[in-house]
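A.B. asks: fold the following, please.
(one chain, ligands or ions: 1)
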Amino acid sequence: MKERPPLVVANWKLNGGTDLICASVASFLRQNFRVQIGIAPPYVYIGNMANFLRNSQIMIGSQNVSKFESGAFTGETSAQMLKEVGCEFCLIGHSERRQVFLENNASCHTKISSTLSAGLMPIICIGENAQQHELGLTKHILYRQLHESLLGQNIKGQQIAIAYEPIWAIGSGKAATPESVQEVHEYIFNELCTIFDEESAKNIRILYGGSVNKNNAAQLLAMPNVDGLLVGGASLDPEHFSEICALA
Ligand code: PEP
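C.D. replies: Prediction:
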């Protein structure tokens with residue numbers, strides 16, 4: 001039995017629609033899982049999905065959040081608004097947001113603060129790219145991402161999670177090996193002890209993401225410091241995603 005209850009999160013990215021929502025809701029309401037499950041659909045579906053799944057074990061979350069609370073910021077959605085429509089967690093700093101929308105550790109810091117103030121759980125995505133991986137810079141990159149986005153955050157009484165997602169593993173079909181994930185997660189745990197304290201760090205779940213599927217999920221989850229998974233492509237097939245959740 002793991003110290004922290006496992007969490008498996010689906011990141012639908014810019015995919016899905018009414019058909020996927022209906023299939024997912026039907027599939028989830030049919031089953032009982034031993035793990036906590038989260039789904040992050042595109043913003044516009046959050047309210048409906050949260051209503052459909054209100055009394056289930058499934059949490060609905062967002063893939064992003066504004067760093068602003070209100071005002072003249074066209075196209076933005078605040079943490080408080082997300083909370084109002086039933087959102088329970090926000091992915092922050094996904095590598096696609098960092099690469100395509102130029103988010104950085106400083107903007108992640110602000111978004112984490114807003115999310116915590118609204119009482120939502122931030123899931124902070126971190127990870128190195130292929131070149132950094134080959135140059136042996138993984139821990140250096142993670143150190144900066146963790147320290148620059150988390151130092152000074154008030155997490156007392158709040159839930160937060162980290163998702164380690166090596167960029168080279170995302171959507172590539174090449175997941176990191178369970179042993180290498182374990183080593184990196186142990187490093188992340190030690191840094192969390194430094195940033196906060198050991199007691200707080202023990203409550204922070206560290207998820208792995210990057211080409212997770214039903215064939216590699218069990219081995220990844222068997223690693224002592226792997227507290228769950230963040231699943232992209234495989235979460236778009238409700239049966240496949242359910243099979244992954246059932247392994248946790
Ligand atoms: C992701 O982008 O968060 C992700 C984990 O994607 P995939 O599972 O498709 O690699």
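A.B. asks: what is the burial count for Lys202?
C.D. replies: 13 (other Cβ atoms under 10 Å). Any C-beta I mention is one placed from the backbone N, CA and C, and that applies to glycine too.
A.B. asks: grab the nearest non-local neighbour of it.
C.D. replies: Nearest residue to Lys202, sequence neighbours excluded (Cβ to Cβ, 6 or more residues apart in numbering): Glu3, at 6.6 Å.
A.B. asks: distance of that neighbour relative to the ligand?
C.D. replies: Glu3 is 24 Å from the ligand, where distance means Cβ to the nearest ligand atom, to the nearest Å.
A.B. asks: that residue touches Asn203, doesn't it?
C.D. replies: No - between Glu3 and Asn203 there is no contact under Cβ atoms under 8 Å: 9.2 Å.
A.B. asks: who's more crowded, those two?
C.D. replies: Shown here are Glu3 and Asn203; by other Cβ under 10 Å, Asn203 has more neighbours (15 against 10).
A.B. asks: quick one: that one and Gln159 touch, right?
C.D. replies: Yes - counting by Cβ under 8 Å, Gln159 is a contact partner of Asn203 at 7.4 Å.
A.B. asks: and stretch 64-80, does that touch the ligand?
C.D. replies: No - using Cβ under 6 Å from any ligand atom, we find that stretch 64-80 stays clear of the ligand, coming within 12.3 Å at best.
A.B. asks: what about that stretch, distance to the chain center?
C.D. replies: 20 Å (Cα atoms, centre = their mean, to the nearest Å).
A.B. asks: likewise for stretch 144-160?
C.D. replies: That offset, for stretch 144-160, works out to 15 Å (Cα atoms, centre = their mean).
A.B. asks: stretch 239-248 now?
C.D. replies: Counting by Cα atoms, centre = their mean, stretch 239-248 comes out at 16 Å from the chain centroid.
A.B. asks: may I see the buried residues of it?
C.D. replies: 241-242, 244-248 (16 or more other Cβ atoms under 10 Å).
A.B. asks: among the residues you listed, show me the least confident.
C.D. replies: Least confident entry in these, by pLDDT: Ala248, with 85.
A.B. asks: buried residues in the worst-scoring helix or strand of the chain on mean pLDDT?
C.D. replies: Among the helices and strands of the chain, helix 18-30 carries the lowest confidence by mean pLDDT, DSSP states H and E, at a mean of 92. Using 16+ other Cβ under 10 Å as the test for burial, helix 18-30 gives 20-21, 24-25, 28.
A.B. asks: same deal with stretch 103-112?
C.D. replies: Result for stretch 103-112 [16+ other Cβ under 10 Å]: buried residues 103, 105, 107-109, 111-112.
A.B. asks: quick check, nearest of these to the ligand?
C.D. replies: Glu103 (14.3 Å; Cβ to the nearest ligand atom).
A.B. asks: that's a helix at that closest one, yeah?
C.D. replies: No - counting by DSSP: H, G, I helix; E, B strand; the rest coil, Glu103 is not part of a helix but coil.
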